[in-house]
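Novice: sequence plus the predicted model coming up.
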Amino acid sequence: MKTVLITGGAGFIGSHLCDFLLDRGYRVICVDNLITGSEDNMVHMRQEKNFTFIKHDVTNYIDIEGRLDYILHFASPASPIDYLELPIQTLKVGSLGTHNALGLAKEKKATFLLASTSEIYGDPLVNPQPETYWGNVNPIGPRGVYDEAKRFAESMTMAYQRFHKVETRIVRIFNTYGPRMRIHDGRAVPAFINQALRDKALTVFGKGTQTRSFCYISDLAEGIYRLLLSGVNTPVNIGNPAEMTILDFAKQVIQITESKSKIIFKPLPVDDPRVRRPDISKAKKELNWESVVDIQQGIRSTVEFFRNKA
Ligand code: NAD
Ligand code: UDP
């Protein structure tokens, strides 16, 4: 039986990865300080004999006994509201946390996978974004704490691969959504669904002409798993290439939820990327992966989750 350690395993994506790996017969150790994650995401796993939770801040030395085969480093505030409220913690977990997780991978001879992000492309001047694009990031803007921490984390990962010969993977995750997102984490998907379910106005930032491409969590988990088991040690985009404006997305949420909500416009946050769409040619070619859940299906499943929460 292989053992996987997941930092950030009590969060939205991390907890789905814990489920995914437990289902496939792995032993899973989740390390999380619960700064944005929740015990609720793990209640169903706590009885499983192959699941262990360790409450720990990974910006401090990580001490684990026994064998580890894989380390998935997902710990980091991830929603713009979270990382604007937690700028220093975000910088620390991307830098010190990544360093500690890589040190552990080196010690245990484990394969290391970094959760990177489309934010490393910043406000991209190229659309869609291939992995070869170096990005357009404002290092001193409010989003810089997240973007630069992740860029540093990628550099650190490549250095451990080249210098210490650690087996590494980097996944550049594009906007992912699904059950277990927090209603008030400020991201467009939970914000719009929550507003629509309450017939409250949907808050579109700017004119809503900025674009995003939303990927459902089960597609992301499958892509990450394929990358982990592949020999691909350079970054791979994982996301759904179906690009839409945020205004169109808001309208779709209203239609799917059969809501009476209207749309209101609020100021656009500083440095909000104007376009975002993954070029997934590399994932298709190297991992034989592409997203299969369309936005209508994915939003319906997510709406079910939020309805049951309400
Ligand atoms: P999330 O906030 O739900 O999960 C992050 C988890 O990390 C939380 O459980 C939190 O408590 C934990 N954490 C944060 N700092 C920690 C620390 N110092 N020590 C231990 N645990 C810590 O966010 P998410 O959406 O699940 O994102 C998970 C990862 O995926 C992040 O690294 C994020 O940057 C990346 N990512 C997510 C998306 C997305 O669309 N959701 C997109 C790109 C990248
Ligand atoms: N957004 C919005 N209204 C909201 C929340 C977000 O219009 O209530 C916009 C936000 O400005 C961005 C897009 O939706 O252009 C996606 O935002 P999110 O926070 O989900 O993720 P981002 O892609 O910015 O990291």
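Specialist: Alright, I've got the coordinates. Ligands and ions are numbered 1, 2, ... in the order given.
Novice: output the below-cut-off pLDDT ranges for the protein.
Specialist: The model of the chain has pLDDT under 70 over residues 310.
Novice: next, the residue lying farthest from the centre of it: secondary structure please.
Specialist: Taking C-alpha atoms, centre = their mean, the residue of the chain most remote from its mean C-alpha position is Lys260, at 30.9 Å. Here Lys260 is recorded as coil under DSSP: H, G, I helix; E, B strand; the rest coil.
Novice: and it, what are its phi and psi?
Specialist: With angles defined as degrees, to the nearest 10, Lys260 sits at phi -90, psi 10.
Novice: got the contact list for it?
Specialist: Asp199 (C-beta atoms under 8 Å, 6 or more residues apart in numbering). For the C-beta atoms, the positions are set from N, CA and C on the backbone; glycine is no exception.
Novice: distance of it relative to Arg198?
Specialist: Noted for Lys260: a distance of 10 Å to Arg198, by C-beta to C-beta, to the nearest Å.
Novice: equivalent analysis for Val292, please.
Specialist: 31 Å.
Novice: cool, Lys108 as well?
Specialist: Lys108 sits 47 Å away from Arg198, going by C-beta to C-beta.
Novice: name the residue in those two with the higher neighbour count.
Specialist: With neighbours defined as other C-beta atoms under 10 Å, Lys108 and Arg198 compare such that Lys108 has more, 19 against 12.
Novice: tell me which residues touch that one, please.
Specialist: Lys108 makes contacts with Ile64, Arg67, Leu68, Ile71, as judged by C-beta under 8 Å, 6+ apart.
Novice: run the last query once more with 7 Å
Specialist: Lys108 sits next to Arg67, Leu68 when contact means C-beta atoms under 7 Å, 6 or more residues apart in numbering.
Novice: quick check: it vs ligand 2, distance?
Specialist: Distance from Lys108 to ligand 2, counting by C-beta to the nearest ligand atom, to the nearest Å: 32 Å.
Novice: any idea how far that residue lies from Arg27?
Specialist: Lys108 sits 13 Å away from Arg27, going by C-beta to C-beta.
Novice: next one: Glu131
Specialist: Taken as C-beta to C-beta, the span from Glu131 to Arg27 is 32 Å.
Novice: the more surrounded of the two?
Specialist: Arg27 (20 against 17).
Novice: once you drop chain neighbours, what's closest to Pro139?
Specialist: Computed as C-beta to C-beta, 6 or more residues apart in numbering, the closest residue to Pro139 that is not its neighbour in sequence is Glu148, at 5.3 Å.
Novice: and Ala153, by the same measure?
Specialist: Thr98 (4.1 Å).
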